[in-house]
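Enquirer: Coordinates only, no sequence provided:
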Ligand SMILES: [Zn+2]
């Protein structure tokens, strides 16, 4: 955990250079550390400076969100925290980055994949892993029939195989940085799709970038 100023600098560097973190998550993680330190060092909570908040207990998850969005009311701060934590909850997500092709094949050239526009599509599980992929079909009747058959067979095979659930493939970045006693409860609160279990370790961390120490000359004003 971050206890010294050197630790803090190191932490900020790691967070800022981690390509897996979305911008909102970066700020939130840094705010979490800052809020925790302030509460530990000074016994300070943002709540103490807020006159109309009553005697609610400090809570780092809410208070870190509050630190970043001071204008929010308490419910708004909770919602903000929930949104950010939920977005980082470990879970499986289907890859939607590629367009869904038609499953049909063409007569000329024989067997070549159909390139026509897909008008129906559906998700089909891998019977061994449970991972989903999208299949589709254009409006051609034979291609639609092929799509429907693949859809039906895919789900039948998956059920026959004991309905395996796909392993988590996204989220869980905060878990790599912080120790916390109850991630399960927190993530489940923030996202109903949370599923316990490890997420794959991200690709090797990016090499540290050296800061430019000399600023380029500005063009002369004309
Ligand atoms: Zn087609």
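Expert: Happy to help now that I have it. Please read all numbers here as calculations on a predicted model, not as lab measurements.
Enquirer: Buried residues of stretch 68-75, list them for me.
Expert: Within stretch 68-75, the residues that count as buried by 16 or more other C-beta atoms under 10 Å are 68, 72. Quick note: C-beta positions are derived from backbone N, CA and C, even for glycine.
Enquirer: Would you mind listing what in the chain touches the ion?
Expert: Residues of the chain lying near the ion by C-beta under 5 Å from the ion: 102, 104, 114, 116, 138, 140, 143.
Enquirer: Spell out which helix or strand contains the last one, please.
Expert: Secondary structure assigned from DSSP states H and E places residue 143 in helix 141-160.
Enquirer: Buried residues in the helix or strand that that helix is followed by, which are they?
Expert: Per DSSP H and E, the first helix or strand lying C-terminal to helix 141-160 is helix 173-177. Across helix 173-177, burial judged by 16+ other C-beta under 10 Å covers 173-175, 177.
Enquirer: any chance of the residues you listed in JSON lines, with distance to residue 16 and pLDDT too?
Expert: JSON lines is the format used below for the buried residues of helix 173-177 (distance: C-beta to C-beta, whole Å; pLDDT from 0 to 100):
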{"residue": "173", "distance to residue 16": "13", "pLDDT": "90"}
{"residue": "174", "distance to residue 16": "15", "pLDDT": "89"}
{"residue": "175", "distance to residue 16": "19", "pLDDT": "87"}
{"residue": "177", "distance to residue 16": "12", "pLDDT": "86"}
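Enquirer: Check those against the ion and report the nearest one.
Expert: For the buried residues of helix 173-177, the closest approach to the ion (C-beta to the ion) belongs to residue 173, at 39.5 Å.
Enquirer: which ones are touching the closest one?
Expert: By C-beta atoms under 8 Å, 6 or more residues apart in numbering, residue 173 lies in contact with 18, 20-21, 25, 88, 202.
Enquirer: circling back to that earlier point, filter the residues of the chain next to the ion down to just the buried residues.
Expert: Buried among the residues of the chain next to the ion by 16+ other C-beta under 10 Å: 102, 104, 114, 138, 143.
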